[in-house]
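> Predicted model and sequence below, questions to follow.
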Amino acid sequence: MGHLPAQPLDPIRTGARDGGFTLVELLVTMAIAGILLAIGVPSLQSFLADQAAAASADELAEGIRLARTEATKRGISVTICASQNTSNATPTCSQVGDDGWLTGWIIQDSAGNLIRVQNPMRSISTVASNSQAQIDFLANGMTPTGAVTFVLTPVGDSNSQRLRNVAVNAQGRVKITKGGV
């Protein structure tokens, strides 16, 4: 049995071609990618704004819980307050409520001992707190300043569903809710 000599394939007849994309295939792929990006980017921005609001609300709630816990543990009053100078060596409470919390807060006991310093909130445009600049906790964990609710609005938020509410009741318990009050 004889073998036939190998013949080169004719690319026109067999449909074979060099590996690569045609210009039309590349343009179709780019058009599809553009459509997917146009759909996905606003959703991603919305997701990131929602996560930023949740993270900032969690940080504030954790700070309030720490202040209450330290008051009961130490058996003395503890204050969490907005601070305009958290980067100083000895930060102090400010009298600025609402957006004053954006620049950070401190927790200190009634003897003036600093417990924690919190840096400014990230990706939050406003904090509404009925001008409440501080929350005091008694040794029993209750707050004589009464209930307060902080409403955190993410940067660029046009949807009240991304707002976060951090509510502190008179017993000092903290609750985070999502959406407008």
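Looks like it came in fine.

> by contact count, what packs against the strand of greatest length in the chain?
Across the chain, the longest stretch assigned as strand under DSSP state E is strand 148-154. Counting contacts by 3 or more C-beta pairs under 8 Å, 6 or more residues apart in numbering; DSSP states H and E, strand 148-154 is packed against helix 23-74, strand 124-128, strand 164-168. Where C-beta positions appear, they are placed from N, C-alpha and C, glycine not excepted.

> Could you tell me the angle between it and helix 23-74?
For strand 148-154 against helix 23-74, the angle by axes from the mean of the first three to the mean of the last three C-alpha atoms, to 10 degrees is 160 degrees.

> Strand 148-154: which residues count as buried?
Across strand 148-154, burial judged by 16 or more other C-beta atoms under 10 Å covers 148, 149, 150, 151, 152, 153, 154.

> same deal with stretch 133-150?
The neighbour-count check on stretch 133-150 (16+ other C-beta under 10 Å) flags 133, 134, 135, 136, 137, 138, 141, 142, 143, 148, 149, 150 as buried.

> which ones among those residues are found in strands?
134, 135, 136, 137, 148, 149, 150.

> Next one: the residue nearest to the fourth one when sequence neighbours are not counted from residue 78, what distance?
Just to be clear, that refers to residue 137. Spatial nearest neighbour of residue 137, chain neighbours left out: residue 71 (3.8 Å); criterion: C-beta to C-beta, 6 or more residues apart in numbering. Here residue 71 is placed at a distance of 4 Å from residue 78 (C-beta to C-beta, to the nearest Å).

> Show me whatever sits in contact with both of those two.
Residues touching both residue 71 and residue 78 by C-beta atoms under 8 Å, 6 or more residues apart in numbering: 109, 137.

> is it true that residue 74 touches residue 111?
No - Residue 74 is beyond contact range of residue 111, at 9.0 Å (criterion: C-beta atoms under 8 Å).

> Please identify which of those two sits among more neighbours.
The residue with more neighbours, out of residue 74 and residue 111, is residue 74; 15 against 9, by other C-beta atoms under 10 Å.

> Go ahead and flag the most central residue of this structure.
The centroid of the chain falls nearest to residue 52 when counting by C-alpha atoms, centre = their mean (1.7 Å).

> which residues touch that residue?
122, 123, 124, 154, 155.

> Try it again at 6 Å.
By C-beta atoms under 6 Å, 6 or more residues apart in numbering, residue 52 lies in contact with 123, 154.

> which residues of this protein score low on pLDDT?
1-18, 157-159, 180-181 (pLDDT under 70).

> Run a quick neighbour tally on residue 61.
18.
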